[in-house]
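# model this:
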Amino acid sequence: MTSRATLRKQQEALPIYDHRRGLMDAIKDNDILVVIGETGSGKTTQLPRYIIEEFRDMRIGVTQPRRIAAISVAKRVAEEYDCRLGDTVGYTIRFDDNTSSRTRLKYMTDGVLLREATMDPLLKKYDLLIIDEAHERTVETDVLFGLLKRTKAKRPDLKLLVMSATLDVEKFSDFFHECPVYSVPGRTYPVEILHSRDNTKFGMLKAGYVAKSVETVMHILTKETTSREIGDILVFLTGQHEIERACQDLKKAVLEKEKECKDQGSQQSPVLLSELQILPLYASLELLDQAAIFGPAPRNTRKVIFATNIAQTSVTIPNIRFVVDSGFVKQKMYDSTTGMDALLVVPISKAAATQRAGRAGRTRAGICFRLYSKDSFEHDMESETVPEIMRTGLTGTVLSLKRLGIMDVQGFEFLDRPGQEELMAALRVLFLIGAIDRFGRMTDVGHGMVAYPVNPLLARSLVEAEKIGCLDKVITIVAMLSIEEPFYLPRKEDEQDAAREAHAQFYHPSGDHLTLLNTFEAWRETNYSKDWCHENYLNLRHLRLARNIRSQLRDIVDRNSLHDKDAKRQDTKDPAPSQPSPEDKDISSPKSTGKSPPPQASLPKASSSRSSSSSRSILQAFSAGYGVHLSKKHPHRQMFYHYLASSSTAPSGKGAASSSSLLALHVSPLSALYLDEERSMTKHGRKVARDLEWIFYHEVVYHVKAVMRYVSKMDLRWAQETLDRARIYDEGSVWLNGERSESPSANEDGRGSSNGTGNSQQGGGAVDADSLSAKRGADHQDSTADEAETKEQAKKRARLALVEAARQRALERRQNQ
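Residues are numbered from 1 along each chain as shown. Sure, this is the predicted structure:
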């Protein structure tokens, strides 16, 4: 715990401290305000605290794009406010609510506020809302902008602050009726930028940037200086797996350097592992592991932090002098032609590169090592990062808008309007899974889905599971699908065979979904043993997160009175499950590998796919959501293709599989269904194609090829409703954006046909006269907006003058003290 005197000194050293009075006056005088402040200026921690101290009756919500930022900032502000976390100051993230009836300042992810808006469109529990890190432009943040603009029109008393770390804020100001902008200057030191001398292009760098990052860190540790007090090192990578790998590789490199110096009989190694604190930083990191990142390093020790772009702007790490920028980031991309989201590793933008470099100059002059060439920076990078809403799937977003009663989602006022094709693709998915009917209205299924804070396909699976009586098991699998990979392979090759053998005992013949269930329930039978995870090469941190998510989902079920037909709430004292019935043994028993599992890794007496709900019911529940991810095996090649993206939705699929334009999908090598040599050999030693004609997948990840993660077999009959709706959509008998005002009863589920001529929602669909007239009116309004100064513009100038006067008064007071 930091002393009060130290906290006070730290607060007064922040750039925002000189602007406290000016900001309070600006907030008092304006209902909407944009605040610019560079990362490290103190706007995230100090401004909300100023407000609750100044306006004692205000209830304030602050959004953050990432959970780790919401938690760490809330902890810091609670400490500064001298209250217990969860009392006056608290936080809410998905699956974790640390607030109380006394909470006046709540930090939360933007997704949490978006969910609250679907339940309470006027957001009556807040007097002031702060959208922080607005420059990150997440999908949720962009949707919140549109929703809050609508809410503000209905609730004039609601105050709104938009905070950004970039200077390009005209878009925010213009969107909110040209509201005033208050700038808080930062205090930065010069940063020397060192590009790769090898004229390294991104294409060449992509295969080896992790190793190159570790090599650069070793250069800093051994060549830059031998002093142990020169500042810490921050390395930007793209994801958890490679960050953990880089941490291990750096430890290995340091130990090898120590051994090399010892063998040569030379002086002490310029770098010692005992003098380093090597730390990972990514979104799913547990609270306990975060403390070392933000706290001071032990005496005579320096930190090396491998981080995702969460460290770019969302959190401030003290004492960073060196930054290593790999030049890459992992982004979710959506292809509306295939209907698939995919995680891609792509080059960052120039703006992101500048932000990364700036992390080295917060407390002293710094150095940024860029692993790419200056030519690549100048010619290969985009100027700005493309907003997430312009490049990712919008199914969850559109479902939220429908829940708010917004029928015309294509007419919703976005900060940057996504393409009509992407919006229609989202509407199509919601129609195919039965969340909306063919007139664009939410169904009972859709209303049931919004209760769950998971992606729409998982939510649809949960609703179906409740209906057919296997909710408890599906909740467990959903929790496991919500974490990073639970299985891991050790770096040492001689241990990898043992790890694969340990993992194989959990394999299920139907695929990965029931494999995940087997894994979790085997762990539960050991009373959640840490040692058992280690012995079976399972990631304890990830499994603990899955356990927490499972508990939160069960709480949601209990609160919403969703009663599962086959399961009561289970805890650590659950009795051992009963054996599967004989008729289900073909798909409910763990897969035999031909080897006996290690004694310490033995499963409980019964595998987990049991109880009155059969494994078939569990897979059927997932098929209700993931029928849109139905994939068919190519008849002539070792690949699958996305069935509903093919040229035919008929069960025969004739002609579709031969299309050369279809994207080749491959089963992940980590899957229980992967056709590896050991489990797919005939007596002649050749691979055989097993019974995998129809499968469904959880997601697609692109590396060298498109790989399906978490794959299970599917009975085509389970996807029949999805296929029926696909035919209705293809026939054009749908009005998913609410174009048609006349419609049958509210319970219409889209399985019928229409007598009228349907707007197909696809290219070439009819455009009604009212829509065309409205568009022309909007175009005319845009063309005449700059012809004369309006009253609103005059008001804006007056507000800006007031804000500037308030800033000047604050500076004068500071100078006179």
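
# does Phe414 sit in a helix, a strand or a coil?
coil (DSSP: H, G, I helix; E, B strand; the rest coil).

# number of nearby residues for the residue lying closest to it once chain neighbours are set aside?
By the measure of CB to CB, 6 or more residues apart in numbering, the closest residue to Phe414 outside its immediate chain neighbours is Gly146, 5.6 Å from it. All C-beta spots, glycine's among them, are computed from the backbone N, C-alpha and C. By other CB atoms under 10 Å, the residues close to Gly146 number 17.

# is it true that Gly146 touches Gly411?
No. Gly146 sits out of contact with Gly411 when judged by CB atoms under 8 Å, with a separation of 10.7 Å.

# follow-up on the earlier one: tell me the SS of the residue nearest to Phe414?
helix.

# how about it, what does it touch?
With contact taken as CB atoms under 8 Å, 6 or more residues apart in numbering, Gly146 is in contact with 412-415.

# for Val386, see how far away it is.
Gly146 sits 18 Å away from Val386, going by CB to CB, to the nearest Å.

# where's stretch 414-427 relative to the chain centroid, distance-wise?
Mean C-alpha position of stretch 414-427 versus that of the full chain (CA atoms, centre = their mean, to the nearest Å) differs by 19 Å.

# please save the CA atoms from that stretch in PDB.
The C-alpha trace of stretch 414-427 is given here as PDB (Å, rounded to 0.1, in the frame of the first residue of the first chain):
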ATOM      1  CA  PHE A 414     -22.500   5.100 -36.400                       C
ATOM      2  CA  LEU A 415     -19.400   7.200 -36.000                       C
ATOM      3  CA  ASP A 416     -18.000   5.400 -39.000                       C
ATOM      4  CA  ARG A 417     -20.700   3.500 -40.900                       C
ATOM      5  CA  PRO A 418     -19.800  -0.100 -41.600                       C
ATOM      6  CA  GLY A 419     -20.600  -1.500 -45.000                       C
ATOM      7  CA  GLN A 420     -24.100  -2.500 -45.800                       C
ATOM      8  CA  GLU A 421     -22.800  -5.900 -46.800                       C
ATOM      9  CA  GLU A 422     -21.400  -6.500 -43.300                       C
ATOM     10  CA  LEU A 423     -24.600  -5.400 -41.600                       C
ATOM     11  CA  MET A 424     -26.700  -7.700 -43.900                       C
ATOM     12  CA  ALA A 425     -24.300 -10.600 -43.200                       C
ATOM     13  CA  ALA A 426     -25.000 -10.100 -39.400                       C
ATOM     14  CA  LEU A 427     -28.700  -9.900 -40.000                       C
END
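
# could you dump the contacts of Gly146 to CSV with distance to Asp132 and pLDDT?
Output for these, formatted as CSV (distance: CB to CB, whole Å; pLDDT from 0 to 100):
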residue, distance to Asp132, pLDDT
Phe412, 23, 93
Glu413, 21, 94
Phe414, 20, 93
Leu415, 16, 91
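
# which of those residues sits closest to Thr141?
The nearest member of those to Thr141, counting by CB to CB, is Leu415 at 8.6 Å.

# from memory the closest one sits against Val143, does it?
No. Using CB under 8 Å, Leu415 makes no contact with Val143, being 9.1 Å away.

# out of the two, which sits in the more crowded spot?
For Leu415 versus Val143, neighbours defined as other CB under 10 Å are more numerous around Val143 (26 against 20).

# mind listing what's buried in whichever strand or helix holds that one?
Assigned by DSSP states H and E, Val143 belongs to helix 139-154. By 16 or more other CB atoms under 10 Å, the buried positions in helix 139-154 come out as 139-152.

# name the nearest of these relative to Glu170.
Among the buried residues of helix 139-154, and counting by CB to CB, the member closest to Glu170 is Phe145, at 14.2 Å.

# and the gap between the closest one and Val329?
23 Å.

# equivalent analysis for Ala69, please.
Relative to Val329, and taking CB to CB, Ala69 is found at 17 Å.
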